[in-house]
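**Q** Kindly generate the corresponding structure for this input.
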Amino acid sequence: MTACRKVVITQFGDEDVLKVVDDICPHPPAGHIQIVVKYAGFNGADVNMRKGIYPFQKKAPLTPGYCLVGSVRANGEGCAAFEVGDVVGVLTKYDADATLVNQPEKYAIRVPDGVDHVQATAMISDWFTAYTMIKHTAKVARGQKVFVHGISGAVGCGLMELSRLEGAEVYGTASERNHDEIRARGATPFAYTDKRWMDVMKELGGADVVFDPLGFESFDESYAVLSPNGFLVAYGNNKSVLENGQARSPWGPVAKLMARNLNFMCGKKATFFGISRDQATYRSDIEALLQMLEAGTITAPVKNIWDMEDIKTAHREWGRGTGIGSLFIKVAKE
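**A** Okay, the predicted model is just below:
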């Protein structure tokens, strides 16, 4: 048993339900390793979990944190893949916002020596999500037109950069304050609110792939700008939280989205995507990203890093401010 410190969502609600508390981390059980967490990823999933609207989430109280990078402190019985001190990344879904955490060894992925730990953390969740949707779900190909909602966000940046590496033309919506940086990276940005993006994409013959994390009415608009054989990949329901902070049930829009596939006379198709560490490509996808990172082929833009003690500020500022890319919680004190 070792003392630790962690974030707790005490009940569902606004930022005031977040507490940073002292606790005890037990010795790792069989098949698990104990990790000293250095960085945790931070994204819309954390915010929606705090509000109690993330699909199939645990009941409160719970510790958030969808992914982590840290060093191995101890091995549980039967664990021999890592030595104490090895740096690993894990897609956790919960519990990453803690100084010590036990995780199943089978989900831990070695971070290559010399790879920046912040960059590695971005690969474990944000870019893994993007990579999997591009490579396995949408199968983005050279010459296609790809449209990304929230292109300046954590997953959005991954979708933009990785789609361009595949040879696609990339368009997307973002706050106007970030348009110059999006253009500098070779994509074409639009404001979401004036709907000009819809007219332009239709004039271009439609998007071959649309990635949409917004949900609700946005799913209908995204479907409308698809090419005759286009593919809408939905992967979130953040629209209402971003616009007015009000939580809405995502199930109606998701059901409506999936029902569109029942029209067999239409070449368009749609799916709702969610990452899992149990998917067959979990390890190979993240290892591929870490290798690309190590080779300098990709670099994740970093928008902000907050200390764990400032977790309320992180939640309050999510979706605001200038800059593009991933958000992080610095868990380690050093």
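
**Q** Counting neighbours, what do you get for residue 33?
**A** 25 (other C-beta atoms under 10 Å). The C-beta positions use only the backbone N, C-alpha and C, and glycine is treated the same way.

**Q** bridging residues for it?
**A** Residue 33 has these beta-bridge partners by DSSP bridges: residue 75, residue 103.

**Q** Could you pull out the strands in the stretch 1-150 of the chain for me?
**A** For the stretch 1-150 of the chain, the strands defined by DSSP state E, counting those that start in this stretch occupy 2-9, 18-25, 32-42, 67-75, 87-91, 100-104, 109-110, 145-149.

**Q** From the contact counts, what lies against the last one?
**A** Looking back up the chat, that one is strand 145-149. Secondary-structure packing of strand 145-149 (3 or more C-beta pairs under 8 Å, 6 or more residues apart in numbering; DSSP states H and E): helix 154-165, strand 169-173, helix 196-203, strand 207-212, helix 217-224.

**Q** Tell me the spacing between the residue lying closest to residue 48 once chain neighbours are set aside and residue 183.
**A** Counting by C-beta to C-beta, 6 or more residues apart in numbering, residue 54 is the residue found nearest to residue 48 once chain neighbours are left out, at 4.2 Å. From residue 54 over to residue 183 the distance is 33 Å, taken as C-beta to C-beta, to the nearest Å.

**Q** who's more crowded, these two?
**A** residue 54 (20 against 11).

**Q** can you tell me which residues contact the closest residue to residue 74 other than its chain neighbours?
**A** Among residues not flanking residue 74 along the chain, residue 34 sits closest, at 4.2 Å (C-beta to C-beta, 6+ apart). Contacts of residue 34 were listed using C-beta atoms under 8 Å, 6 or more residues apart in numbering, and they are 2, 25, 27, 28, 72, 73, 74, 75, 76, 100, 101, 102.

**Q** mind giving me the domain split of this protein?
**A** 2-110+301-330, 124-272 (automatic domain parsing).

**Q** quick one: the last one to chain centroid distance?
**A** Spelled out, that is domain 124-272. Put simply, domain 124-272 sits 14 Å off its chain's centre (C-alpha atoms, centre = their mean, to the nearest Å).
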